[in-house]
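> coords please:
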Amino acid sequence: MNKPRLFFDTNILETLASSPLYERVRKYLSARYTYVISPLTVDELLLGIKGGDEQFFDRNQAKMKVLRGVGQMRILRPPATFVLKQVLGVHVNPPTASVVEIEKCIDVVLRAHSKGQLEQGLVPLRNSRKTGGLNFDPIEQRHNLGKAEHARILESLRAKELRKPKPNEWVKTSFRHFNLELADSEWSKVASALDAAVALNLHLCDLSAGDRYDFSRHYSDWIDLHQLFYLCDPNVSFLTNDKPLRNRVAKSDQIGRIVMLEDILGTVTEQTALGSSGEVEPNI
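Numbering: from 1, shown residues only. Coordinates of the predicted model:
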């Protein structure tokens with residue numbers, strides 16, 4: 001029987017990178033899951049490098065090393081295209097970087113000696129005499145557009161220019177750029193598969209009724225929504241440090257597949273104290 005798949009939230013990477021238990025955590029997870037990488041987590045880390053000072057590059061690079069893992073990289077399709085394939089068997093070409101391009105991005109970050117070298121395209125490439133780097137602009141533009149649109153919709157709800165959408169309506173809006181002609185029953189199937197994401201969106205819609213929550217400053221809400229898309233596959237789990245996120249979707253049937261890092265660390269610490277290392281062949 002295949003092991004369930006597990007992907008990492010960005011917020012656990014620094015904790016794992018600096019934890020003396022990291023190797024034991026990796027082996028513990030490897031015994032129970034097949035590790036996969038969300039392209040959204042890659043994007044967030046790359047944008048963190050772009051926005052960070054040179055002095056923090058080593059720290060960001062260490063986080064990328066944790067995200068990359070060991071062995072073969074298994075990178076998920078972008079969230080919306082993943083959902084359509086998983087739930088409806090519909091294949092659409094994503095407007096984002098390919099798996100091969102994402103792998104190259106990860107590799108060039110790990111081979112760079114500084115942020116400046118990365119930005120100037122001076123990183124020695126693997127098996128080549130050429131150098132390369134990263135253009136962060138397309139990632140930043142795509143995320144800025146998505147976050148701005150998300151904030152605009154919620155602000156319109158606050159201003160009562162829009163009403164709170166039903167799950168099917170929200171799903172149709174979320175996938176509108178693909179111009180799909182689907183029956184209502186198919187949209188219902190997608191909405192049901194996105195139970196946790198729908199629950200989070202409804203929570204954010206309820207927040208829009210108040211005046212204190214600044215959606216433009218909570219851009220991670222937009223990321224969280226799309227990370228939860230992957231839970232449409234009952235064989236996928238999400239490892240995070242984000243307790244508020246888990247609490248926001250506590251009534252979702254998918255809550256059990258949002259795994260808290262502190263629980264994993266607690267278990268591994270206990271095993272270590274008992275002298276059980278959980279030694280297995282790692283794939284994370």
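> quick one: Met149 from Cys232, how far?
Actually, residue 149 is Glu rather than Met. When Cβ to Cβ, to the nearest Å is applied, the distance between Glu149 and Cys232 equals 21 Å. Every C-beta, even on glycine, is put in place using the N, C-alpha and C of the backbone.
> Who has more neighbours out of those two?
Remark: of Glu149 and Cys232, Cys232 carries more neighbours, 23 against 12, as counted by other Cβ atoms under 10 Å.
> give the contact list for the more buried one.
With contacts taken as Cβ atoms under 8 Å, 6 or more residues apart in numbering, Cys232 has the following neighbours: 82-83, 86-87, 190, 193-194.
> same check, this time on Pro165
Shown here is Pro165, whose contacts under the criterion Cβ under 8 Å, 6+ apart are 173, 201, 205.
> ok, now with 7 Å
When contacts are counted by Cβ atoms under 7 Å, 6 or more residues apart in numbering, Pro165 touches Thr173.
> did I read that right, it in a helix?
No - counting by DSSP: H, G, I helix; E, B strand; the rest coil, Pro165 falls outside a helix, being coil.
> if we can go back for a sec, of the contacts of Cys232, closest to Ser128?
Each of the contacts of Cys232 was checked against Ser128 using Cβ to Cβ; the closest is Phe82, at 31.3 Å.
> Thought Tyr230 was touching the closest one, still the case?
Yes - using Cβ atoms under 7 Å as the test, Phe82 is close enough to Tyr230 to be in contact (6.2 Å).
> wait, isn't Lys164 in contact with Cys205?
Yes - Lys164 lies in contact with Cys205 (Cβ under 7 Å); the separation is 4.6 Å.
> Have a look at these two and say which one is more surrounded.
Taking other Cβ under 10 Å, Lys164 and Cys205 do not tie; Cys205 has more neighbours (18 against 13).
> ok, and for whichever strand or helix holds that one, which residues are buried?
When secondary structure is defined by DSSP states H and E, Cys205 falls within helix 195-207. Burial within helix 195-207, assessed by neighbour count using 16 or more other Cβ atoms under 10 Å, is assigned to 195-205, 207.
> With stretch 106-124 instead?
In terms of neighbour count (16+ other Cβ under 10 Å), stretch 106-124 has its buried residues at 106-109, 111-112, 115, 117-119, 123.
> Please identify which of the residues you listed is nearest to Asp53.
For Asp53, the closest of the buried residues of stretch 106-124 turns out to be Lys115, at 7.9 Å, with distances computed as Cβ to Cβ.
> show me what contacts the closest one?
Taking Cβ under 7 Å, 6+ apart as the criterion, Lys115 is in contact with 49, 54, 57.
> if we can go back for a sec, got CSV for the buried residues of stretch 106-124, with secondary structure too?
Shown next, in CSV, are the buried residues of stretch 106-124 (three-state DSSP):
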residue, secondary structure
Ile106, helix
Asp107, helix
Val108, helix
Val109, helix
Arg111, helix
Ala112, coil
Lys115, helix
Gln117, helix
Leu118, helix
Glu119, helix
Val123, strand
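> what's the single longest helix in this structure?
In the chain, assigned by DSSP state H, the helix with the most residues is helix 137-158.
> For the stretch 1-150 of the chain, which segments are assigned as helices?
Counting by DSSP state H, counting those that start in this stretch, the stretch 1-150 of the chain forms helices over residues 13-18, 22-30, 39-51, 57-68, 79-83, 99-111, 115-119, 137-158, given from the N-terminal end onward.
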